[in-house]
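# sequence below, structure please.
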Amino acid sequence: MKILLTGGNGQLGTDLRRALGFAELVTTTRNGEDADAALDVGDVDAVENLIRALGPDVVVNAAAYTAVDRAESEVDAALAANARGPGAMARACAATGAMLVHYSTDYVFDGASAQPYREQDATSPLGVYGLSKLEGEQAIRASGARHLILRTAWVYAMHGHNFLRTMLRLGAERDELRVVADQTGCPTPAWLIADTTARLLSRGDAMPAGTRHLVASGTTTWHGFADAIFDEALRHGLIDRRPRLVPIATADYPTPARRPAYSVLSTDALVADLGEALPHWRDALALTFVNR
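Presented below is the predicted three-dimensional model:
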């Protein structure tokens, strides 16, 4: 199986490179460093030309514009990477017969629900980032390509830019941290997304298609997530003392982009595909520290 992986040096791409080692893997990064080729996923012509020339069996798109707040002022950049680029990938996959695996987000929902969002629930993004990801989903579905869109949420790792690493950095610098406690979601490590992707791809033609939600089980708030991060960091000797965590409301920490207050994703469909439950977010966090 020949797999083209885009965004190979990103937070998720780094774990995918490891997890997809069973295949003939061709990796791209934006500047070509530590990769087989350079690819700006916002360059529609370059995307289509590379896929047609390479002829992969599967394209795994881990490249994305993820700066949620900056997207409010960089609309075209977000749309290029998250909507137009994936659309071009999908069209090229449809033309060559390749399968497209693409990652989307809980931010396609507005957070007004009181129960976990299912794949078929109505979308209504609150900001440019969520809108750009939704338009990417729509372009993929409209292309006619065989595809699997995996929506995930609150992604973190011991590398890259994410909430876990920010907490560890700030916790080492400050005695007190104010953390939002009225947004609820599913913290999900990049390794879990990568390993699950590999399991699905290993099924070949029997892998599911369409849209699935891929997050760890259970729910928490950003404040609860931070509390657990410092528990693990202290247990593993990464910090000498815990900072005091003060729960605050979203209104006390204004940002350019609005976030959904409740973005829990139902994984029932994916669990049925896998035949087993996904790990609880707290257990997945513990494993992230063990395997760092």
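
# state the distance from T28 to A62.
From T28 across to A62, the span is 10 Å (C-beta to C-beta, to the nearest Å). For the C-beta atoms, the positions are set from N, CA and C on the backbone; glycine is no exception.

# anything in contact with each of those two?
Common neighbours of T28 and A62, using C-beta atoms under 8 Å, 6 or more residues apart in numbering, are L5, T6, G7, G8.

# wait, the first one touches V26, no?
Read that as L5. Yes - here L5 reaches V26: they are 7.0 Å apart, a contact under C-beta atoms under 8 Å.

# more neighbours, those two?
Each of L5 and V26 has its neighbours counted (other C-beta atoms under 10 Å); L5 has more, 26 against 18.

# now the more buried one. Its backbone dihedrals?
When read as degrees, to the nearest 10, the backbone of L5 gives phi -110, psi 120.

# roughly how far does it sit from D15?
11 Å.

# got a list of contacts for stretch 146-154?
For stretch 146-154, contacts defined as C-beta under 8 Å, 6+ apart pick out 90, 93, 98-106, 108, 119, 137, 140-141, 163, 185-188, 193, 196-197, 200, 207-215, 225, 263, 265.

# ok, 6 Å please
Contacts to stretch 146-154, defined as C-beta atoms under 6 Å, 6 or more residues apart in numbering, come from residues 99-104, 106, 137, 140, 185-188, 193, 209, 211-215, 263, 265.

# for PyMOL, write the select line for the buried members of these.
Listed next is the PyMOL selection for buried residues among the contacts of stretch 146-154, using 16 or more other C-beta atoms under 10 Å:
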select buried, resi 99+100+101+102+103+104+106+137+140+185+186+187+188+193+211+212+213+214+215+263+265
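
# which of the contacts of stretch 146-154 fall in helices?
Counted as lying in helices by DSSP state H, out of the contacts of stretch 146-154, are E137, I140, I193.

# pick the one among those residues closest to E48.
The closest of those to E48 turns out to be I140 (C-beta to C-beta; 14.0 Å).

# what residues are up against that closest one?
Neighbouring residues of I140 by C-beta under 6 Å, 6+ apart: P86, A90, H102, H147.

# again, only this time at 7 Å
P86, G87, A90, L100, H102, H147, I149 (C-beta atoms under 7 Å, 6 or more residues apart in numbering).

# which one among those gets closest to P256?
P86 (23.8 Å).

# spell out the secondary structure type for that closest one.
What DSSP: H, G, I helix; E, B strand; the rest coil gives for P86 is helix.

# residues contacting it?
With C-beta under 7 Å, 6+ apart, P86 has these contacts: N61, H102, G136, A139, I140.

# from the shared contacts of T28 and A62, pick the one nearest D45.
Out of the shared contacts of T28 and A62, the member with the shortest distance to D45 (by C-beta to C-beta) is T6, at 15.0 Å.

# can you report how many residues lie near the nearest residue to the closest one once chain neighbours are set aside?
Nearest non-adjacent residue to T6, counting by C-beta to C-beta, 6 or more residues apart in numbering: A63, 4.2 Å away. The tally of other residues near A63 (other C-beta under 10 Å) stands at 29.

# A63 falls within a helix, correct?
No - the assignment for A63, made by three-state DSSP, is coil rather than a helix.

# quick one, what contacts it?
So A63 contacts T6, G7, G10, V41, A81 (C-beta under 7 Å, 6+ apart).

# got the residue ranges for the strands in this structure?
Listed in chain order, the strands of the chain (DSSP state E) span residues 2-6, 24-29, 37-38, 58-61, 99-105, 147-152, 155-156, 176-180, 184-185, 188-189, 210-213, 220-221, 244-248.

# could I get the fourth one in CSV with only the CA atoms?
If I follow you right, that is strand 58-61. This file holds the C-alpha atoms of strand 58-61, laid out as CSV (Å, rounded to 0.1, in the frame of the first residue of the first chain):
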residue,chain,number,x,y,z
VAL,A,58,-4.3,6.4,0.0
VAL,A,59,-3.9,10.1,0.8
VAL,A,60,-3.8,10.9,4.5
ASN,A,61,-4.2,14.7,4.9
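
# any residues touching it, and which ones?
1, 3-6, 16, 51, 86, 89, 93, 98-103, 197, 201.

# kindly recompute the last result at 6 Å.
By C-beta under 6 Å, 6+ apart, strand 58-61 touches I3, L4, L5, T6, M89, C93, A98, M99, L100, V101, H102.
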